[in-house]
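Enquirer: Dropping a prediction and its sequence here:
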Amino acid sequence: MSRLSPVEEPVLATGIVKRYGKRTVLDRVSLTVHPGITGLVGPNGAGKSTLVKAILGLVRLAEGDVRVFGLDPRREPHAVRRNVGVVPEDECSVPGLSGVEMVRYAAQLSGIPGIESLRRAHEVLDWCDAGQERYRPVETLSVGMRQKVAFAAAIVHDPRMVILDEPTNGLDPIERRAMLGRLTTLAHDHGKTVFVSTHVLPDVQAICDRVIVLAAGRVRLKGRLDELTRPVAPQLRLEITGSVAACLDRLAAVGIRGRRLDDDTLHLPVQDAAGLERLWQATRAAGVVVRALTPVQERFEDVFLRAIAQPQEAAHAAS
Amino acid sequence: MPLHDVGYRAWQGHRRGPWSAAVAIATTGTKLAWTSRWLRRAVFFAWSPALFFAASFFAFEQAIDEGRITSLQERAARGSNLDGIGLLGTILADTLGRSDAAQTHVDRDAELVATRRLVWSRLLLAFMRAPQAVLLAVVVGLVAPALISRDLRAKAWLVYFTRPLSGIHYIAGKIAVLATVVAAVTVLPALALWFAGVLVSPSVWVVVETWDLPLRIVAASVALAIPTVLVALAYSSLTAESRIASFAWFATWAACWIAHSSLATADFVAAMDAHATAVAEGVESDDDQWRPLPRRVNWVARAAGVDTTIDRWSWISPYHAIGVIQAWIFGVETRPEAYVPPLIAMIVVSLVSIVVLAWRVTAPLRA
């Protein structure tokens, strides 16, 4: 533990290239995973799983360098894996073991001694709200319960970083919300780095601080989610009670050309304090009640679709 | 919801090294294997032959205690049948008949010690060869095929290799599972048999006279375990279907046994023909190499090294090769031309199995 670098970046990848035969799966990928929750999104075959394997030192890279907490995962895989927990996309388990035995086994494989491994397994399963189902063989568990067991197995050794591949696959809405809540708790209350590879864009928008968009083996977009979803021209979203038409007229009179979205919502191109002052005057004059005034954010789905639609070379230059 | 939900808590304890992971793999694998009802039955049956052999130890020691050993030796030297004293049968007859001590009669005590060592060695060898080696093949065939293939099928390699352990620790853990089975089927019953021999002998000084036999039992078990365990695991690592690995395991034993029997029979027939031709021509034939087996020698006795002809095809069959190596370990077979070829064959098989095993287990890491 003491050999780990106290660097800010849990993962630092520089120009990594991975080929399977003649197919290039990762093409000069450079990225940084910061503390907090980072989402890795991309279409099928984008290279997400290979990137996760590269971080764990499970694949040989043709070029480039990966550092996890300052360590090279190919040279010091044990030191890296002691500090990383992984929830794989595939259901991987040891048939015949019960849920709690599976988590305990994971703890023992990570070096936690005998009885303590059992205590820790129960503690983590309690936190995951696993209930009595933990005593059933893993192969008979429901999808949601299996996901809980896999998640518990990934965090049982208290890693500094948790990597999750499609963590909400097959979960019902209640379980999905609970899982996302646990990830947020780990990241924001316990200082863990959470790296989530997923297709589910609403999940990304719900919990991620940062996002990396990968397509065809290249990074198409990366950065803070709130920055990426900020519109090119700043706009405000105004929700009112009252006449939208009258409000639009008054806004036009003070030089603000608004756009009506529905019966009580407008988008307004207001960029500075003076514009904001005019907005307040117009709404007062129109006699409407302002229920909410928030900056307009783009949907991440739109940002994502734009990013993966870029021509490859332009995208590479941008990244 | 637990009564005391403490939420997520950091874990501050001391972690053990990667070899503790190998121990976890071994203990968990053994526990999972033991859930098989067939394995429990097989291990139970593996202990039952020890009762019959214990009766033989008792019969031999009783003969010594009653002072009948000298007369038995004389009868054996004349080629008489000794089956009347129990399962010992032809093993004892052959041992006593060939014993130098039986010929000299210099010192009765020294003669008894030498005879006891010979008889005990051959009994233990027969026990490890005839019932235990066959049972071990069955037990390993029940356990080993699923050990790695099940992990391949369940994609459990990610469970292991996202943790701080490497392929060596994984393989060591899996080998330890089978080593436990080998110990349960061969080492422990054989040691129990030796201990039973000590208990039924007239003096506790027998322990001093036969102190090396437990070590030879362990060495013979290791010689049995290394190639069988490695081959079985190599098969298991080659497929995600444990049924295919099981079939390959049993097919290997059967096919090699058949091949050995065919070649040995061909040699036997050739020797008989040569002998018949020589006799017909009035020429003395040199049939020392492939002398036909004595009519009364059964397969248990052959396992104990009673058949002194050199089996030049033993290296083809794992069962026969391991048998010759075990005979060498027990001091029954001392001719290098007999034990070196099977020894080399088993070393080569073990090395190839290690290479296959390492190659297959680390395949996901070499992608």
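Expert: Nice, I can see it.
Enquirer: make it CA atoms for all contacts and neighbour counts henceforth
Expert: Will do.
Enquirer: right, and B:Pro145 touches B:Leu238 too?
Expert: No - using C-alpha atoms under 8 Å, B:Pro145 is not in contact with B:Leu238; the gap is 9.7 Å.
Enquirer: Compare those two (neighbour count), which wins?
Expert: More crowded of B:Pro145 and B:Leu238, by other C-alpha atoms under 10 Å in any protein chain shown: B:Pro145, with 28 against 20.
Enquirer: Low-confidence stretches in the stretch 251-367 of chain B?
Expert: Scanning the stretch 251-367 of chain B for pLDDT under 70 picks out B:282-308, B:364-367.
Enquirer: What strands flank the one helix or strand A:Ala13 maps to, and is each parallel or antiparallel?
Expert: According to DSSP states H and E, A:Ala13 maps onto strand A:11-20. Strand A:11-20 pairs in its sheet with strand A:23-33 (antiparallel), strand A:63-68 (antiparallel), by DSSP bridges.
Enquirer: To B:Glu281, which of the ones you listed lies closest?
Expert: strand A:23-33 (76.4 Å; C-alpha to C-alpha).
Enquirer: Kindly export the closest one (C-alpha atoms) in CSV.
Expert: C-alpha atoms of strand A:23-33 as CSV (Å, rounded to 0.1, in the frame of the first residue of the first chain):
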residue,chain,number,x,y,z
ARG,A,23,-8.0,-5.7,-35.8
THR,A,24,-7.1,-2.6,-33.7
VAL,A,25,-9.4,-2.5,-30.7
LEU,A,26,-7.8,0.4,-28.9
ASP,A,27,-6.1,3.0,-31.1
ARG,A,28,-3.8,5.5,-29.4
VAL,A,29,-6.2,5.9,-26.4
SER,A,30,-5.1,8.5,-23.9
LEU,A,31,-7.3,9.2,-20.9
THR,A,32,-7.3,10.0,-17.2
VAL,A,33,-9.7,8.6,-14.6
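Enquirer: the strands in the stretch 101-250 of chain A, which residues?
Expert: With DSSP state E, counting those that start in this stretch as the criterion, the stretch 101-250 of chain A has strands at A:161-165, A:193-198, A:210-215, A:218-224, A:236-241.
Enquirer: residues of the shortest one that come out buried?
Expert: By that I understand strand A:161-165. By 16 or more other C-alpha atoms under 10 Å in any protein chain shown, the buried positions in strand A:161-165 come out as A:161-165.
Enquirer: The residue of the stretch 201-319 of chain A found nearest chain B - nearest residue in space that isn't next to it in sequence?
Expert: Of all residues in the stretch 201-319 of chain A, the one sitting closest to chain B is A:Gly217 (16.6 Å; C-alpha to the nearest C-alpha). Closest residue to A:Gly217 apart from its sequence neighbours, by C-alpha to C-alpha, 6 or more residues apart in numbering or on different chains: A:Leu26 at 4.1 Å.
Enquirer: for B:Ser317, same thing?
Expert: B:Cys256 (4.6 Å).
Enquirer: Can you give me the neighbour number for the one you found?
Expert: 19.
Enquirer: before we move on, back to that, deepest of the strands of the stretch 101-250 of chain A, which one?
Expert: Of the strands of the stretch 101-250 of chain A, the one with the most neighbours on average (mean count of other C-alpha atoms under 10 Å in any protein chain shown) is strand A:193-198, at a mean of 26.
Enquirer: OK, contacts around A:Gln28?
Expert: Heads up, residue A:28 is Arg, not Gln. Listed by C-alpha atoms under 8 Å, 6 or more residues apart in numbering or on different chains, the contact partners of A:Arg28 are A:14-17, A:63-64, A:218.
Enquirer: okay, it: pLDDT?
Expert: At A:Arg28, the pLDDT value in this model is 90.
Enquirer: if I look at it, how far off is B:Tyr160?
Expert: Distance of A:Arg28 to B:Tyr160, computed by C-alpha to C-alpha, to the nearest Å: 29 Å.
Enquirer: Show me what from the stretch 151-300 of chain B comes close to chain A.
Expert: Counting by C-alpha under 8 Å from any C-alpha of the partner chain, the stretch 151-300 of chain B comes close to chain A at B:151, B:154-165.
Enquirer: Could you give the bridge partners of the residue nearest the centre of chain A?
Expert: The residue lying closest to the centre of chain A (C-alpha atoms, centre = their mean) is A:Gly39, at 2.6 Å. Beta-bridge pairing for A:Gly39 (DSSP bridges): A:Val196, A:Val211.
Enquirer: How confident was the prediction at it?
Expert: Confidence at A:Gly39, expressed as pLDDT, is 91.
Enquirer: likewise the one 4 residues further on?
Expert: pLDDT, the model's per-residue confidence, is 84 for A:Pro43.
Enquirer: So it is in contact with A:Thr198, correct?
Expert: No - using C-alpha under 8 Å, A:Pro43 is not in contact with A:Thr198, being 9.2 Å away.
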